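Undergrad: the following comprises the amino acid sequence and a computationally predicted model.
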Amino acid sequence: MTYRDDLDALTARHASLEAELERKQRELAEITEMLAEAGRVRQAESYFERAPDLRRRQRRHLVVGALVVMLGSGAALGAAASAAKQSHRAEAAQMETRLVRIRSTLAARADARRLQAELEALRALDLIPVVAPGGSGVALVKSRGPELPAPGPLARQSAAREDER
């Protein structure tokens, strides 16, 4: 009987070990699932802890992008304004030279008219001799300028007043 008792004891031991193995495997599966769950929770917590930083990074990228666009457009506007100023300066310089030419031409014409009027006045008063053209030499001819108009009645009255004084 001892053999049979040993066999029954071994069978019972085997059954108990199998039951314990199944229980341990279930425990192992449960613990493995719990570890996986804990890993997912830790990953989620880590993400949510870093989420404000991630949002800040996105905001930083947006802010930096906006600044780059503003700087680029500002540089483009500045370059355009500078080019416009330079072309405006060139046009202003051209206009200034044109105005100087016009003023000098007008001044020259005014001087010529003034000199012509002075010359005519001097000739009218017989203060400038007129050179006769032609001939072998230069002969001075007394010029008779245009006749002055005869004094009118007002001029006679003013002359009479001057005589009375």
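TA: Cool, got the structure. Numbers count the residues shown, from 1 in each chain.

Undergrad: going forward, measure contacts between C-alpha atoms and count neighbours the same way
TA: Will do.

Undergrad: out of everything not next to it in sequence, what's closest to residue 128?
TA: In this structure, residue 128 finds its nearest non-sequential neighbour in residue 122, 5.9 Å apart by Cα to Cα, 6 or more residues apart in numbering.

Undergrad: which element is the one you found on?
TA: Residue 122 belongs to helix 2-124 when assigned by DSSP states H and E.

Undergrad: for that helix, what is the distance to the chain centroid?
TA: How far helix 2-124 lies from its chain's middle: 22 Å, per Cα atoms, centre = their mean, to the nearest Å.

Undergrad: packing partners for it?
TA: Identification of packing neighbours for helix 2-124 by 3 or more Cα pairs under 8 Å, 6 or more residues apart in numbering; DSSP states H and E yields no helix or strand.

Undergrad: sorry, back to before: what's the pLDDT at the residue nearest to residue 128?
TA: Taken from the predicted model, the pLDDT recorded for residue 122 is 84.

Undergrad: count of neighbours near it?
TA: Residue 122 is surrounded by 14 other residues when neighbours are defined as other Cα atoms under 10 Å.

Undergrad: equivalent analysis for residue 28, please.
TA: For residue 28, the tally of surrounding residues (other Cα under 10 Å) stands at 13.

Undergrad: could you check how far it is from residue 18?
TA: 15 Å (Cα to Cα, to the nearest Å).

Undergrad: least confident secondary structure element in the protein?
TA: For the chain, counting by mean pLDDT, DSSP states H and E, strand 139-141 ranks last in confidence among helices and strands (a mean of 45).

Undergrad: got the domain boundaries for the chain?
TA: As assigned by automatic domain parsing, the chain contains the domains 1-77, 88-119.

Undergrad: Serialize the ones you listed to TSV and add fields for mean pLDDT and distance to residue 127.
TA: Formatted as TSV, the domains of the chain follow (pLDDT from 0 to 100; distance: least, Cα to Cα, whole Å):
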stretch	mean pLDDT	distance to residue 127
domain 1-77	85	70
domain 88-119	89	9
